[in-house]
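Peer 1: coords please:
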Amino acid sequence: MSREQVINAFVEHQSMHQDLSPAGLKEIACGLAELGGEVISHSSNEIGTISDIADTVETKSSSVDPVTAVDKATESALVEKLLTLRPNDGVVGEEGTGQQGSTGIDWIIDPIDGTVNFLYGIPEYAVSVAAVWGSAPVAGAVYNVAGDVMYSAHIGGGAYAITPHTVKSSDGFTLVKKPRRLRTNSITDSSAALVATGFSYLSDRRLQQASILARLLGDVRDIRRMGSAALDLCRVASGQVDAFYEAALNKWDYAAGMLIAQEAGAVVRAPKLSTEGSAGEVLVAYAPGIAETMDEILRGAGALASLPVNQ
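Peer 2: Prediction:
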């Protein structure tokens, strides 16, 4: 289905199910993401440095793909809260949660996107929560925990960021949070594009990605690798980067972020949510003015080719 067809079909479906308001689902996503941030912040105040918790860190796809007790505790808290709000929805979490639903809405949760950054105290990690109907995200939130920035969107409603800032008042200074509408950059020259990407946890894939990067660097302004696909997609939405590409993502890495980028005007091409990350398919998100030329540049560098595990 095209994006417009998804919107129309969901609106028709929602007319028969009044509890499926896209705006309402977005508010739930934001609340869950904020709750996740609270769990993470509380835990990070207790665990100390990576050396202090080295014995409690497990690994997943490779020895450099970590999962912590905080990931698991955060997912558990989010799922528990979600099921009190919408007990009949489906839920999928990165750390193993799986529940079939009966409403047509499935929630996709990444408790910490950017776990390595979290482990090392680098302030670039996020909680990602998306509500999916059929095969399309219809609401989502990505919460930059360390920066206290909430990115959110619902289908057809635009994308927003809420960032705290101080304002002067008669009583001194007050911390306020005000939504800001997100728009991609209006860039039209791909050679001036700041491009974000990410690397696999598997060494064979990394070698291929390094080769791709070497071919790409001469054709764009520069490359950034910040460690959270969810936040990279939000940065395309907010104009902090002009493009993003990455292979072998899982649905919890991008379900919320891709909707936020799309609602900010980005051109997004993503694997189906049913596709496993092991297939190695590539997700791209571009500011619209460079979509065609960035596609050509990335294709020429080999960045659009899938990197399945068996390669």
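
Peer 1: residue contacts, residue 211?
Peer 2: residue 302 (Cβ atoms under 8 Å, 6 or more residues apart in numbering). C-beta coordinates here come from the backbone N, C-alpha and C atoms, glycine included.

Peer 1: For it, give its distance to residue 198.
Peer 2: 16 Å (Cβ to Cβ, to the nearest Å).

Peer 1: So which bits of the helix or strand hosting residue 175 are buried?
Peer 2: Secondary structure from DSSP states H and E places residue 175 in strand 172-181. Neighbour-count burial for strand 172-181, counted by 16 or more other Cβ atoms under 10 Å, picks out no residue.

Peer 1: what's the average pLDDT for that strand?
Peer 2: Average pLDDT, strand 172-181: 84.

Peer 1: Can I get that strand in PDB? Just the C-alpha atoms.
Peer 2: C-alpha atoms of strand 172-181 as PDB (Å, rounded to 0.1, in the frame of the first residue of the first chain):
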ATOM      1  CA  GLY A 172      13.500  33.800  38.000                       C
ATOM      2  CA  PHE A 173      13.800  31.100  35.400                       C
ATOM      3  CA  THR A 174      11.300  28.400  34.500                       C
ATOM      4  CA  LEU A 175      11.900  25.200  32.600                       C
ATOM      5  CA  VAL A 176       9.300  24.800  29.900                       C
ATOM      6  CA  LYS A 177       8.700  22.100  27.200                       C
ATOM      7  CA  LYS A 178       7.100  23.300  24.000                       C
ATOM      8  CA  PRO A 179       6.500  21.100  20.900                       C
ATOM      9  CA  ARG A 180       8.400  22.100  17.700                       C
ATOM     10  CA  ARG A 181       7.300  21.000  14.300                       C
END
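
Peer 1: Which strands and helices lie in contact with that strand?
Peer 2: strand 159-169 (3 or more Cβ pairs under 8 Å, 6 or more residues apart in numbering; DSSP states H and E).

Peer 1: Name every strand pairing with the strand it packs on and say which way it goes.
Peer 2: strand 149-154 (antiparallel), strand 172-181 (antiparallel) (DSSP bridges).

Peer 1: can you give me the helices in the stretch 201-311 of the chain?
Peer 2: Ranges of helices in the stretch 201-311 of the chain, per DSSP state H, counting those that start in this stretch, are 203-216, 229-238, 251-263, 291-301.

Peer 1: and residue 223, which of those is closest to it?
Peer 2: Nearest of the helices of the stretch 201-311 of the chain to residue 223, taken as Cβ to Cβ: helix 203-216 at 6.5 Å.

Peer 1: Can you list the buried residues in the closest one?
Peer 2: By 16+ other Cβ under 10 Å, the buried positions in helix 203-216 come out as 205, 208, 209, 212, 213, 216.

Peer 1: And for stretch 135-147?
Peer 2: Here stretch 135-147 shows 136, 137, 138, 139, 140, 141, 142, 143, 144, 145, 146 as buried, counting by 16+ other Cβ under 10 Å.
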